[in-house]
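Trainee: Sequence and predicted model, in that order:
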Amino acid sequence: MHSLAFTAESAANGVLTRDFTLGDIPGVLWSPAASAAPPASSSSSSPASRASSASPAPSPAPLVLLGHGGGTHKKHRAMTGRAHRLVTGSGFHVAVLDAPGHGDRPRGERDERDVAALREAQAAGAPEGPVVVPYNARLAEIAVPEYRALLDALLELPGIGGPVGYAGVGLGTAIGVPLVAAEPRIRAAVLGLHWPDALTEAARRITVPVEYAVQWDDERIPREACLALFDAFGSREKSLHANAGRHVDFPRHVEADSAARFLGRHLRPQADTTAATAA
């Protein structure tokens, strides 16, 4: 069992930011600034024992798990910006873990080989999928149980209830698809920008609402591959967001606003998510 320990906290612009470790896995939790919280130095053996010291407990609010992109980390501007939108616009709690070999987690020898192979493919103008797909699938095998353990721990904290959502593109989708397929507490998901090869079977098991983003002129992930993954989702409610431009042209602000509205509708329909604009 992974124990959750908060290591630092700060508050600004209505957002409480708490760094934590889940066992030895680093992560961050963003919450409305009014949320009750255990002390940042807390190292109690269980979230429940820390939660009992926070009084009074706020009304539970939904939780959104984020998955960051490949080569980035838990506090990348895409994660921080999306989290602030969800916290200030919808009153949600938002959490993300560093993926294996990313951020503050060391790379192993196999990670180094995979990253070197990717750089070689990019330099040669060769397709990236044959390298990225198995690499991301391996990371997802490690990360999915970690995220499920994080969910167990966070739902014991004061002020965090259900339902739960998930959002992540790229590597965040490689982790998110098997996670959402396996985790019944996740009720809606925002995904995008990934090959279908290792994800099709898990995608077919997903039945919750899905919003999926595609770059129409993506030079790294063929359009047909993105559409094939979207088609595989078993959800009765799924929407495709097709944006003009290459992979690096992904409109983060546009998609973050859309994700906030989508998650607001499905996690707390009565919430006014129209305020989820600037972060």
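Mentor: That came through, no problem. Remember, predicted model here, so these are calculated numbers, not experimental data.
Trainee: residues touching the closest residue to Ala182 other than its chain neighbours, list them.
Mentor: Of all residues not flanking Ala182 in the chain, Val144 sits nearest, at 6.5 Å (CB to CB, 6 or more residues apart in numbering). C-beta here means a position set from N, CA and C on the backbone, and glycine is covered the same way. Contact partners of Val144, counting by CB atoms under 8 Å, 6 or more residues apart in numbering, are 175, 178-179, 182.
Trainee: And the strand or helix carrying Ser239, what's buried?
Mentor: Per DSSP states H and E, Ser239 falls inside strand 238-243. Judged by neighbour count using 16 or more other CB atoms under 10 Å, the buried positions of strand 238-243 are 238, 241, 243.
Trainee: Looks like the second one contacts Ala213 (just checking).
Mentor: Yes: with contact taken as CB atoms under 8 Å, His241 and Ala213 are classed as touching, separated by 4.5 Å.
Trainee: SS state for the residue nearest the centre of the chain?
Mentor: Among the residues of the chain, Leu66 comes closest to the average C-alpha position under CA atoms, centre = their mean, at 1.6 Å. The local conformation at Leu66, judged by DSSP: H, G, I helix; E, B strand; the rest coil, is strand.
Trainee: could you show me where the strands are in the stretch 51-200 of the chain, in order?
Mentor: 61-67, 93-97, 160-168, 186-192 (DSSP state E, counting those that start in this stretch).
Trainee: Just tell me which of these ends up closest to Asp111.
Mentor: Closest of those to Asp111 is strand 93-97, at 16.0 Å (criterion: CB to CB).
Trainee: out of the strands of the stretch 51-200 of the chain, nearest to Pro127?
Mentor: Nearest of the strands of the stretch 51-200 of the chain to Pro127, taken as CB to CB: strand 186-192 at 19.2 Å.
Trainee: contacts for the helix or strand just after the closest one?
Mentor: Counting by DSSP H and E, the next helix or strand C-terminal to strand 186-192 is helix 200-204. If you take CB under 8 Å, 6+ apart as the criterion, helix 200-204 is touched by 177-178, 181-182, 196, 228-229, 232-234.
Trainee: Throw together a PyMOL command that grabs the buried residues out of the contacts of Val144.
Mentor: Selection of the buried residues among the contacts of Val144 in PyMOL, burial being defined by 16+ other CB under 10 Å:
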select buried, resi 175+178+179
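Trainee: Which of the contacts of Val144 fall in helices?
Mentor: 175, 178-179, 182 (DSSP state H).
Trainee: Next, format those residues as JSON lines and append distance to Phe6.
Mentor: JSON lines is the format used below for these (distance: CB to CB, whole Å):
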{"residue": "Ile175", "distance to Phe6": "23"}
{"residue": "Pro178", "distance to Phe6": "28"}
{"residue": "Leu179", "distance to Phe6": "23"}
{"residue": "Ala182", "distance to Phe6": "27"}
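Trainee: now the strands of the stretch 51-200 of the chain as TSV including mean pLDDT and distance to Asp19?
Mentor: Shown next, in TSV, are the strands of the stretch 51-200 of the chain (pLDDT from 0 to 100; distance: least, CB to CB, whole Å):
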stretch	mean pLDDT	distance to Asp19
strand 61-67	97	15
strand 93-97	98	11
strand 160-168	94	16
strand 186-192	98	23
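Trainee: That'll do, ta.
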